[in-house]
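Let's see this in three dimensions:
(2 chains)
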Amino acid sequence: MDDPFQVPRPPAALRPLGVLALAGLILSLVLALFVAREAQASMGGQLQRIFYFHVPSAWVAYLAFAVTFVASIAFLRTERRRWDLVAQASAEIGVLFTTFVLVTGPIWARPVWGTWWQWDARLTSTLVLWLGYVGYLLLRGLATDKQRVGRLAAVVAIVAFLDVPIVHFSVYWWRTLHPSGPAPLPAQDSGLGVRELGAFFVSLVSFTLLYVWLLGRRVYLGRLTDALEQAEIERARDERTAVPA
Amino acid sequence: MGDVTVGGTRSDVALRARPRPGFGRATLALLVKDLRAELRARDTLPPMLAFALAVALLLAFSLPGTGEGVGAGGARRGLATAQVVAGFLWVTVLFSGLIAFARTYESERAEGALDAVLLMPLDRGALFAAKALANLGYLVVTEAVLVPVFALLWGIDAGWAPFAGVTLLVDVGFAAIGTLFASLAAQTRSRELLLPVLALPALVPVFIAAVELSAGLWSGSGLAAVSGSGWFAILVAFDVVFAVVGGITAEHALG
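Got it, this is the predicted structure:
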């Protein structure tokens, strides 16, 4: 081809961000497993350490769906492709981290509650949240008209986000088994130690960095896909309009 | 349309002379059109009713010891049975509603008339409102048949007036979100399949509230107990949110 395919370049900050997220995650693992003290028996003792990954996953899921929500509204207002890419990327990451939440929760609950699953308000609403965004991703895959996908999906994203506050406040609105607030941190009389809080916040920040990195990668991938499609369209057009020799 | 001569100056005059109809009038006109089409073709409501009755009958066979009553007379059966029957009723309504809602834009789609409807100088919100109201009507008719059948099968006999109120509240939320997602699903490859996948998660709070409130009423709790429970507030809140979100986003959900 005379006109070489213009490959979009990845954002410069992406690589250092990834390295930082990886370092943070390794540090969180060390802090959560070796530095934080064992929790009270009612919280599962050693098992409670899964909390340092369960809660940050839930936080990333909330954050991801909030970004999808805002990006969807922005897309409906501006019709700019960029916002649609962000909304889709963030929803995919949100579903992934909600899956982590739904997997790590039962692993902890089985020995501590004696059951994998309870139809408790927070568990139920989290599962519903997951289903809602799986539907969102399905819609994106099944829409016939590529121009329309963004708009249709944005409407679903706005409705699906209504469940996020329900998930979050479910532990306060209904009597649930699920621990609320800072309760699962170590033995109540010893209070929240700086070691546990440190481990928790390092993990929270690392997961957030991981999210931003994944989002950047996924949006970049979306731009590559767009560029490739555009190039294919242009090539097909050139082939058709080319004058035969 | 009769007095518009295409290509002549009269059409310009006619178009200019007629102001864009208001939201209420447009909604009413579209609603009357849909209901008239349904009355003539009868292709949504009768299958929906038949489906609902078939499901009710199947469920009746699946629950042992029916006919002893769950209402005031049968209070001995308690809240647990009332909850099972309420669950059956609302699942039946949900399924029959979804198969009917999947057809919301079918008549427009079939002949490519949707483009013509969308070209009309109307607020898209009015189109959404008309479709939602028609679907609401189908739901109410289905329930008017279904609820007495359930009452006969399981001997429910309590709190009909408040139950009708609860039912209407459930229907409003269900019709609003079902119609919104029907217009999205209609534009995808797997229309009938995608609607439940999208709508069911969003509808979970509404239907849990419906089951809790119905079971409460049937097992002898009065209106006061029902209106005092948080479920009532949840139901109203979701109705308002769904109707508002539906009205606002309808513009983007259609074509």
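
C-alpha only now, for contacts and for neighbours.
Will do.

could you list every residue that touches the residue positioned nearest the centre of chain A?
Against the mean C-alpha coordinate of chain A, by Cα atoms, centre = their mean, the closest residue is residue A:94 at 2.6 Å. Taking Cα atoms under 8 Å, 6 or more residues apart in numbering or on different chains, we find residue A:94 in contact with A:60, A:61, A:62, A:63, A:64, A:65.

what is the closest residue to chain A within the stretch 51-200 of chain B paired to in the beta sheet?
Closest to chain A within the stretch 51-200 of chain B is residue B:188: 4.1 Å, counting by Cα to the nearest Cα. Counting by DSSP bridges, residue B:188 forms beta bridges with residue A:143.

My read is that it contacts residue A:138, right?
No: if you go by Cα atoms under 8 Å, residue B:188 and residue A:138 don't touch, sitting 10.0 Å apart.

More neighbours: which of the two?
residue B:188 (22 against 15; other Cα atoms under 10 Å in any protein chain shown).

Which residues are in contact with that one?
Applying Cα under 8 Å, 6+ apart, we find residue B:188 in contact with A:139, A:142, A:143, A:144, A:145.

Tell me the most packed of those residues, by neighbour count.
Busiest of the contacts of residue B:188 [other Cα under 10 Å] is residue A:139, holding 27 neighbours.

which residues touch that one?
Residue A:139 sits in contact with A:149, A:153, B:185, B:188, B:194, where contact means Cα under 8 Å, 6+ apart.

I'd guess it is in a strand, am I close?
No: under DSSP: H, G, I helix; E, B strand; the rest coil, residue A:139 falls outside any strand and is assigned helix.

Got the confidence number for it?
pLDDT recorded at residue A:139 is 90.

Quick one: the contacts of residue A:94 as JSON lines, columns for neighbour count too.
Output for the contacts of residue A:94, formatted as JSON lines (neighbours: other Cα atoms under 10 Å in any protein chain shown):
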{"residue": "A:60", "neighbour count": "27"}
{"residue": "A:61", "neighbour count": "29"}
{"residue": "A:62", "neighbour count": "20"}
{"residue": "A:63", "neighbour count": "19"}
{"residue": "A:64", "neighbour count": "26"}
{"residue": "A:65", "neighbour count": "26"}
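
Please identify which of those residues is nearest to residue A:89.
residue A:64 (8.8 Å; Cα to Cα).

wait, doesn't that closest one sit right on residue A:91?
Yes: counting by Cα under 8 Å, residue A:64 does reach residue A:91; the two are 6.3 Å apart.

Chain B: which of the contacts of residue B:188 is nearest?
Nearest to chain B, judged by Cα to the nearest Cα, of the contacts of residue B:188 is residue A:143 at 4.1 Å.

tell me the contacts of the closest one?
The neighbours of residue A:143, taking Cα under 8 Å, 6+ apart as the test, are A:149, B:187, B:188, B:189.

Next up, identify which helix or strand residue 21 is on.
You didn't pick a chain, so chain A it is. helix A:14-30 (DSSP states H and E).

shaky segments in the stretch 101-250 of chain B?
Within the stretch 101-250 of chain B, the stretches with pLDDT under 70 are B:221-223, B:225-227.

Likewise for chain A?
Ranges of chain A meeting pLDDT under 70: A:1-5, A:144, A:146-147, A:171, A:175, A:180-192, A:244-245.

Near chain A, which residues of chain B are found?
B:181, B:184-185, B:187-190, B:194, B:197-198, B:201-202, B:204, B:242, B:245, B:249, B:252-253, B:255 (Cα under 8 Å from any Cα of the partner chain).

Which residues of chain A lie near chain B?
A:76, A:128-129, A:131-132, A:135-136, A:138-139, A:142-145, A:148, A:151-152, A:155-156, A:159-160, A:163.

Try it again at 7 Å.
Contact residues (Cα under 7 Å from any Cα of the partner chain) of chain A with chain B: A:128, A:131, A:132, A:135, A:142, A:143, A:144, A:151, A:152, A:155, A:160.

With that, I have no additional questions.
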